[in-house]
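> Provide a 3D model corresponding to the input given below.
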Amino acid sequence: MGVEGCTKCIKYMLFVFNFIFWLAGGVILGVALWLRHDPQTTSILDLQINDRPAPSTFFIGIYILIAVGAVMMFVGFLGCYGAIQESQCLLGTFFTCLVILFACEVAAGIWGFVNKDKIAKDVQRFYSEAYQQYRSGPEKNREKAKAVLKVFHETLHCCGTDFFSNIGTVVIDDICPKDTTMILGEDCNKKIDELFSGKLYLIGIAAIVVAVIMIFEMILSMVLCCGIRNSSVY
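This next block holds a predicted model:
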């Protein structure tokens, strides 16, 4: 026989929370894979100019999210199984995994907060270098720079970094999309900032939700583990 009373209620609550945690891991894994293969980000971050790739800080964060999502699914399954089997060993292992995962999430959150502006600024700097290379660089590098600028402009629906200073040159140079009259006033630096800020905001919301679930799970797993140990019914 298993636990009874309030401990039995906690057992099923832990199972439900673990199932939600497992689903959250799947959602995070899915979102991370979507962000990794999103046409807007991949078309920009896969670019190269003068054999120098675009900044990879954003992709580093995405790979961390993929790993976290996969681990969360495993830990969620471990918690569900441990709760149903009323195994102190599995519950203890589950609690340890949660503590480690929570610590990693806090560390990742701090890293993301510190680098939240760096990602957009690195890409903006890459764009500016491509633009300068196209305007005043050696002839052999102008075609590569032009290709990079076209990808930026067509992906983000923008053209140049300043409407008034670039309006004459960008039209002549033909580095803007076909609907130039509609997007000529769109600052590409602003569009880059909006692109990455929006995706980091989505990641931040997911991290907060997961952190709250993890705190509840740690409390419930310890309470259930103590209840199993103190129960006279086995």
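> in what helix or strand does Cys176 lie?
Of the helices and strands defined by DSSP states H and E, none includes Cys176.
> how near is it to Leu65?
Using C-beta to C-beta, to the nearest Å, we find Cys176 at a distance of 34 Å from Leu65. Using the backbone N, CA and C atoms, a C-beta is placed for each residue, glycine as well.
> swap in Ile205?
13 Å.
> of those two, who's got more company?
Leu65 (21 against 10; other C-beta atoms under 10 Å).
> Where does the prediction get shaky in the protein?
Residues of the chain meeting the criterion pLDDT under 70: 1-3, 40-41, 43-52, 54-55, 57-58, 137, 162-174, 177-186, 232-234.
> list the helices and strands the host helix or strand of Ser221 packs on?
Per DSSP H and E, Ser221 falls inside helix 188-230. On a contact count with 3 or more C-beta pairs under 8 Å, 6 or more residues apart in numbering; DSSP states H and E, helix 188-230 meets helix 6-37, helix 39-45, helix 57-85, helix 88-136, helix 139-156.
> Specify the angle between that helix and helix 139-156 in degrees.
Following axes from the mean of the first three to the mean of the last three C-alpha atoms, to 10 degrees, one obtains 60 degrees for the angle between helix 188-230 and helix 139-156.
> And helix 188-230, how far out from the chain middle?
Relative to its chain's centre, helix 188-230 lies at 12 Å (C-alpha atoms, centre = their mean, to the nearest Å).
> How about stretch 81-89?
32 Å.
> Next, the buried residues of that stretch.
Across stretch 81-89, burial judged by 16 or more other C-beta atoms under 10 Å covers 82-83, 86.
> do stretch 212-232 as well
213-214, 217, 220-221, 223-225, 227-228, 231.
> Excluding chain neighbours, give the residue nearest to Ala70 in space.
Of all residues not flanking Ala70 in the chain, Leu29 sits nearest, at 6.0 Å (C-beta to C-beta, 6 or more residues apart in numbering).
> how many neighbours does that neighbour have?
Using other C-beta under 10 Å: Leu29 sits among 19 other residues.
> which residues touch it?
65-66, 69-70, 72-73 (C-beta atoms under 8 Å, 6 or more residues apart in numbering).
> how about a cut-off of 10 Å?
65-73 (C-beta atoms under 10 Å, 6 or more residues apart in numbering).
> Cool, thanks, signing off.
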